[in-house]
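**Q** Okay, here's the prediction I keep looking at, along with the sequence it came from:
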Amino acid sequence: MTKCVLYLFACVAVATAHVCMISPPQRGSMLGINKMGAVDCMLVAGPCGKRAVGPAVALTGGQNFTVTFQKNLDHWVKATPGYFSIMWGLETMPLKELVRIPDMGQPSLSLFSVNVTIPTDKPGKGYILQTQYMTNNPKAPPTFYQCGDIIVM
Ligand SMILES: *[C@@H]1O[C@H](CO)[C@@H](O)[C@H](O)[C@H]1NC(C)=O
Ligand SMILES: *[C@@H]1O[C@H](CO)[C@@H](O)[C@H](O)[C@H]1NC(C)=O
């Protein structure tokens, strides 16, 4: 029985990896993010996991903003460590990488905070701050996505 459970857990652990974004708030919900494998943190379709636009956070070009995300399920492999990218732009256009954080094998549910400077773009709606979890793990989906909606003032 114990073996069975362990085996199942191993299967789940290698088949999935997750990232949640806390600030700006991710699209969809944050229900259950204190547990590994939260449904709202397992989005594999770019750029925003097919989630509908949510309430937007108002930011100004040139301001500093702290992005906080959670590695909901660890997917680090020693041979080919992955990374997290914080991306910026209009959802409909190619995004720009603001910062890249290496995945150093922190445990599942670890929080990461990183300061970014918001680019000075044309004011308006439709911008996103996006977190990508690039797993670089051959046994996992290549990328997990989260988006938070932004209006540039
Ligand atoms: C944003 O942060 C950078 C790096 O810490 C700092 O040099 C800059 O003055 C800050 N900008 C604003 C508008 O606070
Ligand atoms: C981010 O900026 C805040 C406010 O300036 C500062 O208190 C904090 O130490 C910075 N965090 C990092 C990781 O640089």
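**A** Sure, I can see it. Ligands and ions are numbered 1, 2, ... in the order given.
**Q** In which helix or strand does the residue of the chain found nearest ligand 2 reside?
**A** Minimum separation of the chain from ligand 2 (CB to the nearest ligand atom) falls at Asn115, amounting to 3.8 Å. Just so you know, the C-beta spots here come from the backbone N, C-alpha and C atoms, and that holds for glycine as well. Using DSSP states H and E, Asn115 maps to strand 110-117.
**Q** May I have the strands that pair with that strand, each with its orientation?
**A** Applying DSSP bridges, strand 110-117 is found paired with strand 64-73 (antiparallel).
**Q** Which strand residues bridge the residue nearest in space to the middle of the chain?
**A** When CA atoms, centre = their mean is applied to the chain, the residue found nearest the centroid is Thr131 (3.6 Å). When bridges are called by DSSP bridges, Thr131 pairs up with Ile86, Gln146.
**Q** Let me see the contact set for it.
**A** 19, 21, 67, 69, 84-87, 145-146 (CB atoms under 8 Å, 6 or more residues apart in numbering).
**Q** at 6 Å what do you get?
**A** Listed by CB atoms under 6 Å, 6 or more residues apart in numbering, the contact set of Thr131 reads 19, 21, 69, 146.
**Q** In contact with the closest residue to ligand 1 within the chain, which residues are there?
**A** Closest residue of the chain to ligand 1, CB to the nearest ligand atom: Asn64 (3.7 Å). Counting by CB under 6 Å, 6+ apart, Asn64 touches 115, 117.
**Q** Before I go, just wanted to say thanks for your time.
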